[in-house]
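**Q** quick one: sequence and predicted model below, then my questions.
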Amino acid sequence: MTAREILYKYRVIVFILLFLLAGSGIILYITSYFAGLLFILLAIIIYYGFHFLLKDKRIVLSEIKSIAKKMLIPLAGITIAVLIGAVVMIITGYNPLTAYGALFYGGFVKNWHVSLLNAAPLIFTGLSVAFAFKAGLFNIGAEGQYYIGAMAAAGLGIYFDWHPLVTIPVIFLAAGLLGSLYNFFPALLKVKTGAHEVITTMMFAHIARYFSSIFIRNFGGDPSTSSHPYVTDPVLPSNWLLRFKDMFPWANYRLHSGIIIAILTAFFVHYLLSYTRIGFEIRAVGSNPAAAKTQGISTGKTVFIALMVAGFLSAMAGVNQVLGLDHKLYGNLSTGYGWNGISVALLASNHPVGVIFTSILWGALDAGGQYMARTQEVHNSIVEIIKGTVLFLVVARYLYTYWGQKRKKKETCNE
Amino acid sequence: MEREKRKDGICLRMENISKQFPKVLANENISIYLKRGEILALLGENGAGKSTLMNILYGLYRPTCGQIYINNHEATLLSPKDAISLGLGMVHQHFMLIENLTVTENIVLGMEPGSWGFIDFKKARKIVKELSEQYHLFVDPDAKIEGLSVGQQQRVEILKALYRKATILILDEPTAVLTPQEVDGLFVVMRSLQERKVSIIIITHKLEEVKAISGRVYILRRGKLAGERVTKDISKAELAHLMVGRDVVLTLNKENRITEKKPGFTLQNLFVKNDNGVTALNNLSLEVCPGEIVGIAGVAGNGQKELEEVLIGIRRIEKGNILLTGKNISRYGVKKRIQSGLSYVPSDRYRYGLFLSMKVSENILASSLDRKPYVNGINLRLRVINRRSEELVTMYGIKTPSVHEPVSNLSGGNQQKVILAREFSREPVVLVVSQPTRGLDVGAIEFIHSEILKMRDRDTAVLLISMELEEIFALSDRILVLYEGSIVKEFDPGKTSHKEVGYYMTGGGER
Amino acid sequence: MNDFFTLFNVELLHSTIRLSTPITLAAVGATICERAGIVNIAMEGLMLIGAFTAVFFAYITGNPWIGLLAAVIAGGIFSLLHAYATITLHLDHVVSGAVLNILALGLTNYLLILAFGHPGTSEPVPVSLAEYQFAVPFLSQIPVIGPVFFNQRPIVYMSFLLIIFFTLFLYRTKTGLHVRASGEHPLAMETIGVSVYRIRYLAVIISGLTSGLAGAFLSIENSNVFTSGMTGGRGFIALAANISGGWSAVGSFLASLFFGFAEAFQYKMQAARLLDLPSELFVMFPYIATVIAVAGLVRKSRPPKAVGLDFRIEKQAD
């Protein structure tokens, strides 16, 4: 009996072990231990190794290769951006080593729970942007749909008094549908008049932002009081998202189940895009709308579906924040979830599962930045510069092929 | 003085030119020369590297290795600007004209008369007028390019080169878009230019043209030089052999096997507008029977594009009907037309045919991924899809590492085969094929032609739209001539000639 | 109702012109840029950079003119990133623009803290360009038109001159013709020896310069401080103005007037308190107007053929 056959015989046990490893990883992860993520990564590596031993080695190898290739550019981008950030810090008079140390310690160890809290809404808006991108559309106004979702969650959350197993799904659904509806108009204008969604969704985002101020005043915000003029009444505690502290007493008290919903949503979106008919049609339209037409795919319908699903996903981010973290709606602040959603989607090359990781990275940078600002007196907006640079370096991936080609050209002629 | 001395000398040499593209070696160690005042032909099939070589000469591409000498001086051609200043001019296969500018603006573009950065439009117009009179190339200097015929646009291109004082003129497939009559006109122009001591390089893949116009010919095959000959010393068969590397069977096995006329595909009094709202198809009627190939001959821009678009259902019908085996499908959307048995091979395969970033399997089954057995509810059944696409890949001999490869990584011929596999495997009742072999090499062309004939033998009604008269004559059972959006004449390919069809293609049949 | 009509006075038209200025400037830049074939949605960020730079230099030197100059230069330099990404690196234009907007927002926030020590708002500049408002002799005497057009502040006058300049540039100069041709058929330009890359770089830089000027208007002419994210979507409105204006300088100006009017009108309505509605409803007005304008006018004219498309000279051979 070869090693391969033995492995095959006991594959069930291996899978159970993998499942346990991944499961405990997830529990550790959601209860704010960074090590959990390492457990999950380990499970993934073992899974691929197992496949490598049992299945056609070439396919697994090429798969791993393509994943590694995809990872290479983001990693290179991050490295260069970190170096650029260091130069900026040196110029502006800080010690990059201690600053980065604090950034890492804060983001990934000390305040890991904050990183997760930051990541959850980004996963939703990132998925929203990525989903529209797959259909060749740029949902640049995700922030507007976020506000719509947040308003719906606050409005319903304050008055909707029932069992949480009913109210929470209903609020998610209602808010999501309102978000979809909000993107219905840009979709309609796109299909009927050709108005570019970059302009229309952006304008709609500004409209939603101002509308939220009106909303807040009508739901408890009082400009005449000096204490909290720009905030709604709190939502009913029964409508709060489940907090991890209720299950795992050692978890941080602010952590809530939104991150789980976000991750599950990401996997669902991945399934939707890669394994369903609608997903195929969306990708086809994104790849070549004219060809999609000649294959009997309705591009108009696809634009509607893509933008409305995107609206739904962004609205879920709003619900996540209101029911999970803040328990009320704050106003007059540019949250940046729309722009950051674009960042994490681009960084993940619009891959839904990739969005989870890039969102966590972004969340950790923010969390680490705050920690760094508190301990090192480096202002945390340096993080914004690092984020922007990472993004530019990753998105401009042709940079690497461009430099590569220049070098290659010289080589060929010397033969 | 210098010029007089080398009157019969060599004005251009290219030595050991190689060009490496990221994926292909387009030119490999090619050396050619050109004598002053000669007409030199560069013969080769599509993809042999002729255009690449000339684009290198014109400074548009940089050679990977090799040197170029113009008038015995080594020339570093970093951009067309350098080439132009050394007396080179090039008329590209796809015209380099800006459609919404006037003839004058196009000709003077880049070398406008005027001072302080401003353009002297009056002077420019005068120069263009004089130039066109001097060379007997008449065009209206104030006309916009979009309103000109293809032949007139070509004249503008030649004037553009002459305005830049070109002494070496490169013509890239100049006859591809012309009718036989316009080709004769072009040859007259070329000879008169030759008399004025302009040296001409003509790129072509047509043997007749080499024989008709050139004094000397270089033959290129798969990026390498396959031979150099004096034209009058070589026969067409020898040229063909050098070009392809083997003997070519130019006749296809075709026999008209249609016995009874059954209704297959009928277009009744079709009126269709183009993108600018101008009537493109004007009362067009035709009929294709099952088991018959009907060829639509015509000069580009006479409604071919609109015809194929209206048939598949992405362009609106103003008036008229499309019948498929007697059923009116005019109001059907694309999906319903496909389900009724219509298949379509588009002329522009990148625009209408392929999803370049997507997998071979997704491309090859794109129109079927909404029905059983490929979907189950909303789920794609990936195993069924992969198995079926692997079958089709083998059946049509598509060269690809796997069905998961993005189509963009395939060669042009294999990409076209992906489209054929998709459209032909649906067992269509009616097949609309437009420009199926554009830009492909001889091997792929032969394969595609035989597949089209196979479809006919399976009783499919085939409508073939093509700008290549050879293709039309080789495949069609009947030839219809499309001119300004109407069918002006019907021919039996056995009883007519290229010349006669060409005559009707340019509107010669009117009244 | 009578009160409502009194809103439509010379003052409203005067502020229409004033408030349309930043949009006009960015829109004219967008026209040049898109005529050359590059979509620039980074103008929002470019304006932000310009606005910050203007305040910073006006603050430390005490001279708003130096602030203005610095803003224009900063806009030009930052736009080089967009040019490099889209032209040399062949990045998707919209993606590059979005990324640069994000970068600009982060950068200005960081620099704001570095320079003034606190987030949100900068210190006011000692002298703003508002103090240089002047009436043009004779022209300002013309009834209605005089006070509306010829009693303005410096950057407003500059915008008038720039509209004339860019119209002449596009239709009368060699470079202008090259810009128009590059957006229609870039390869054709290369084949006659004109570098499309160079023309496109120039066009993107022009849009950077005008956006920088637009930013300076916002921070040191229309107000005297820099506020984080103070552009409020004007870069996108300018894009809409360029499209609604049919890709021409004059058209962009006219469309910008419409958006300027929407903004001026909403201020008036807010101030007049004629209707008992939340003020935010009026603030939304320009954004709604933009959506309507883009949707209503987008198909009226033909965009440059190659706009937004990547251009490479050496295409991969079959």
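**A** Right, received. Where do you want to start? Residues are numbered from 1 along each chain as shown, chains lettered A, B, ... in the order given.
**Q** list the contacts for whatever residue of the stretch 1-150 of chain C ends up closest to chain B?
**A** Distances from the stretch 1-150 of chain C to chain B, computed as C-beta to the nearest C-beta, single out residue C:35 as the nearest residue at 11.6 Å. Glycine gets a C-beta too; all of them are placed from N, C-alpha and C. With C-beta atoms under 8 Å, 6 or more residues apart in numbering or on different chains as the criterion, the residues that contact residue C:35 are C:170, C:179-180, C:182-183, C:203, C:247, C:304.
**Q** and residue B:43, backbone torsions?
**A** When read as degrees, to the nearest 10, the backbone of residue B:43 gives phi -110, psi 140.
**Q** quick check: residues of the stretch 201-350 of chain A near chain C?
**A** Counting by C-beta under 8 Å from any C-beta of the partner chain, the positions of the stretch 201-350 of chain A adjacent to chain C are A:202-207, A:210-211, A:213-214, A:217, A:334, A:339-340, A:342-343, A:346.
**Q** pLDDT score assigned to the residue of the stretch 151-300 of chain B found nearest chain A?
**A** Taking C-beta to the nearest C-beta as the measure, the stretch 151-300 of chain B has residue B:275 as its residue closest to chain A, at 12.9 Å. Each residue has a pLDDT score; the one for residue B:275 is 80.
**Q** do the same with the one 5 residues further on
**A** According to the predicted model, the pLDDT of residue B:280 comes to 87.
**Q** ok but it is inside a helix, no?
**A** No. Counting by DSSP: H, G, I helix; E, B strand; the rest coil, residue B:280 is not part of a helix but strand.
**Q** that one: how many residues sit nearby?
**A** Residue B:280 sits with 25 neighbouring residues when counted by other C-beta atoms under 10 Å in any protein chain shown.
**Q** try residue B:39
**A** Using other C-beta under 10 Å, the number of residues around residue B:39 comes to 23.
**Q** phi, psi for it please.
**A** In terms of degrees, to the nearest 10, the main-chain angles of residue B:39 are phi -110, psi 120.
**Q** that one and residue B:189 touch, don't they?
**A** No. The pair residue B:39 / residue B:189 is not scored as a contact, 11.6 Å apart, by C-beta atoms under 8 Å.
**Q** sorry, back to before: pipe the contacts of residue C:35 into CSV and attach distance to chain B and secondary structure per row.
**A** Formatted as CSV, the entries for these read as follows, by distance: C-beta to the nearest C-beta, whole Å; DSSP: H, G, I helix; E, B strand; the rest coil:
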residue, distance to chain B, secondary structure
C:170, 11, helix
C:179, 12, helix
C:180, 8, helix
C:182, 9, helix
C:183, 9, helix
C:203, 16, helix
C:247, 12, coil
C:304, 9, coil
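**Q** which one among the residues you listed gets closest to residue C:118?
**A** Comparing the contacts of residue C:35 against residue C:118 with C-beta to C-beta places residue C:203 closest, at 37.9 Å.
**Q** list the contacts of the residue nearest to that closest one when sequence neighbours are not counted.
**A** Excluding its sequence neighbours, the residue lying closest to residue C:203 (C-beta to C-beta, 6 or more residues apart in numbering or on different chains) is residue C:36, at 3.5 Å. Counting by C-beta under 8 Å, 6+ apart, residue C:36 touches C:179, C:182-183, C:199-200, C:202-204.
**Q** out of these, which end up buried?
**A** For those, a burial check counting by 16 or more other C-beta atoms under 10 Å in any protein chain shown picks out C:179, C:182-183, C:199-200, C:202-204.
**Q** between those residues, which is nearest residue B:232?
**A** Comparing the buried ones among the contacts of residue C:36 against residue B:232 with C-beta to C-beta picks out residue C:182 as the nearest, at 45.5 Å.
**Q** tell me the pLDDT at the residue in the stretch 51-200 of chain B positioned nearest to chain A?
**A** Among the residues of the stretch 51-200 of chain B, residue B:65 lies closest to chain A, at 4.6 Å counting by C-beta to the nearest C-beta. The predicted local confidence for residue B:65 comes out at a pLDDT of 86.
**Q** phi, psi for it please.
**A** phi -140, psi 160.
**Q** so how far is residue A:16 from it?
**A** Counting by C-beta to C-beta, to the nearest Å, the separation of residue B:65 from residue A:16 is 61 Å.
**Q** between those two, who's got more neighbours?
**A** Under the neighbour definition other C-beta under 10 Å, residue B:65 and residue A:16 were set side by side, and residue B:65 has more, 17 against 11.
**Q** what's the longest helix in chain C?
**A** helix C:10-35 (DSSP state H).
**Q** for chain C, which residues are neighbours of chain B?
**A** By C-beta under 8 Å from any C-beta, the part of chain C that sits against chain B consists of C:172-175, C:177-178, C:180-181, C:184-185, C:187-195, C:302, C:305, C:313-314, C:316-318.
**Q** which PyMOL command selects the buried ones in those?
**A** This is how PyMOL selects the buried members of those, with burial counted by 16+ other C-beta under 10 Å:
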select buried, chain C and resi 173+174+175+177+178+180+181+184+185+187+188+189+190+191+192+193+194+195+313+317+318
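**Q** which of the residues of chain C next to chain B fall within helices?
**A** C:172, C:174-175, C:177-178, C:180-181, C:184, C:187-191.
**Q** center of the chain, which residue is that?
**A** Assuming you mean chain A. Within chain A, one residue has its C-alpha closest to the average C-alpha position: by C-alpha atoms, centre = their mean, that is residue A:123, at 2.2 Å.
**Q** need the contact list for that one.
**A** A:259, A:262-263, A:265-266, A:317, A:344, A:355-356, A:359.
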